[in-house]
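In: Following is a predicted model, sequence given first.
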Amino acid sequence: MKPPPCEQFKDDCNPATPAQLAVLFSSFGLISIGANCIRPCSMAFGTKQLDKETPDSERILQSYFSWYYPSTMSIVISVTIMVYIQDHMGWNLGFGVLAVIMFFSAFMFLSVPLVAFKKRHLNPPC
């Protein structure tokens, strides 16, 4: 799927084939569909997990929204910083920083005992 090598500042490079362009544009389309289908729903899915029957449910809901919006902004900031690191300091350092962050987040996820199961009393229709 990789086009043939081309020397920089040369006008007679081989263009991408229609199959290569089809794979590129279909992957862009699938990424945008996947991202746009989950992002609008994530806030509703998150609030659905909170127990609204407790006395401090309003405080918990406000705390959830207080953390939701900064976390989406942190994605924009982190992507911008990672692009800068990879462009100006090299891909090796960029992937190294991402690997360290991923190991740190996995460690934090596995080290914090957080269980959020809710006992539900459902009545079957039969």
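Out: Noted; the coordinates are in hand. Small disclaimer: the values here were computed from a predicted structure and weren't measured.

In: Apart from its chain neighbours, what residue comes closest to residue 24?
Out: Leaving aside its chain neighbours, residue 24 sits nearest to residue 16 (7.5 Å; criterion: C-beta to C-beta, 6 or more residues apart in numbering). For the C-beta atoms, the positions are set from N, CA and C on the backbone; glycine is no exception.

In: how about that neighbour, phi and psi?
Out: With angles defined as degrees, to the nearest 10, residue 16 sits at phi -70, psi 150.

In: count of neighbours near it?
Out: 15 (other C-beta atoms under 10 Å).

In: and what of residue 75?
Out: Residues contacting residue 75 under the criterion other C-beta under 10 Å number 9.

In: what does residue 45 give?
Out: 9.

In: again, but for residue 85
Out: Neighbour tally, residue 85, other C-beta under 10 Å: 17.

In: what pLDDT, on average, does the helix or strand it falls within get?
Out: According to DSSP states H and E, residue 85 maps onto helix 57-88. The pLDDT scores in helix 57-88 average 82.

In: Give me the neighbour count for residue 13.
Out: 12.

In: Tell me which helix or strand it sits in.
Out: With DSSP H and E as criterion, residue 13 is part of no helix or strand.

In: And for it, nearest residue in space, chain neighbours not counted?
Out: Excluding the flanking residues, the one nearest residue 13 by C-beta to C-beta, 6+ apart is residue 6, at 3.6 Å.

In: follow-up on the earlier one: for the following helix or strand past the helix holding residue 85, which helices and strands make contact with it?
Out: Downstream of helix 57-88, the first helix or strand assigned by DSSP H and E is helix 91-111. Under the contact criterion of 3 or more C-beta pairs under 8 Å, 6 or more residues apart in numbering; DSSP states H and E, helix 91-111 touches helix 57-88.

In: Right, I'll leave it there.
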